[in-house]
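okay, here's the prediction I keep looking at, along with the sequence it came from:
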Amino acid sequence: MCSGSIQNLRLRLKPHQDSRLLPIFQQGVYLKGRAGLPLAVILEEAGFSRDYLEQKVQTVFLDGSPVDDLDRRIVKGGSVIALSAAMPGLAGAILRKGSPISALRSKTSAGMDPDCTEGAMLTLRLKLFNTIAKEMGPRLLRSGIILKSSDLEDFLLNRRELVEEAVLEAELDGSPLSLANLLGGKAIHSNHVVLQIINFSPST
């Protein structure tokens, strides 16, 4: 992740529009964590409780490979963590944490990045799917998520109706931002942006 300044974008939504932003978690948001920390600790620091991880998150992928042990250490910068509730069918059963038929998985493992020192700060990408995105996405958006600016701009440009119908107002680094400029794709100049949703209406 770029070490320079990161701009802050705040969006105020109309009531009951929060779910329209949740697909952004499928492309991934960014986290910071230290090399050598357990996966569970990194996720707890991001806002997930250990109980939630153990009870609600049924499928965990690290760089495309299923993970059973939430205490597995994260050892490589740029790793992608994906969280899902139970997936359907035989594939879901094979990939589920602690599955009795996990032996049917293909065997891959992540090694230590040779350029990574234990304790060094890492940039990671987090993806959320299905009910995990629905349950945790709004909470993370209220706290603020880090996105690549180009990813956010593409997301909004492909969903112009989201901005036009759901967003009441926008604010960039504390200053009002017109929705036209937001959609124009030229307002954000940093490589990454913190997106925060304010005045969220609770989902029912």
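That came through fine. Numbering: from 1, shown residues only.

how close does Lys134 get to Ser84?
12 Å (C-beta to C-beta, to the nearest Å). Quick note: C-beta positions are derived from backbone N, CA and C, even for glycine.

higher neighbour count, these two?
Taking neighbours as other C-beta atoms under 10 Å, Lys134 and Ser84 compare with Ser84 leading, 20 against 16.

the more buried one is in contact with Glu135, isn't it?
No: using C-beta atoms under 8 Å, Ser84 makes no contact with Glu135, being 11.8 Å away.

Leu182 and Thr131: what is the separation?
From Leu182 to Thr131 the distance is 29 Å (C-beta to C-beta).

go on, Ile188?
Taking C-beta to C-beta, one finds Ile188 at 31 Å from Thr131.

so for those two, which residue has more residues nearby?
Using other C-beta under 10 Å as the criterion, Ile188 and Thr131 rank with Ile188 on top: 22 against 14.

how about residues contacting the biggest helix by length in the chain?
When the chain is parsed with DSSP state H, its longest helix is helix 130-143. The contact list for helix 130-143 (C-beta atoms under 8 Å, 6 or more residues apart in numbering) reads 18-19, 21-23, 25-26, 29, 46-48, 52, 56-57, 83-85, 128, 195-198, 200, 203.

just the buried ones from these, in PyMOL syntax?
The buried residues among the contacts of helix 130-143 can be selected in PyMOL (16 or more other C-beta atoms under 10 Å) with this line:
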select buried, resi 18+21+22+25+29+46+48+52+56+57+83+84+85+128+195+196+197+200
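
so which of the contacts of helix 130-143 are in helices?
Phe25, Gln26, Ala46, Tyr52.

farthest-apart pair in those residues, please.
Farthest pair in the ones in helices among the contacts of helix 130-143 (C-beta to C-beta) is Gln26 and Tyr52. Separation: 19.3 Å.
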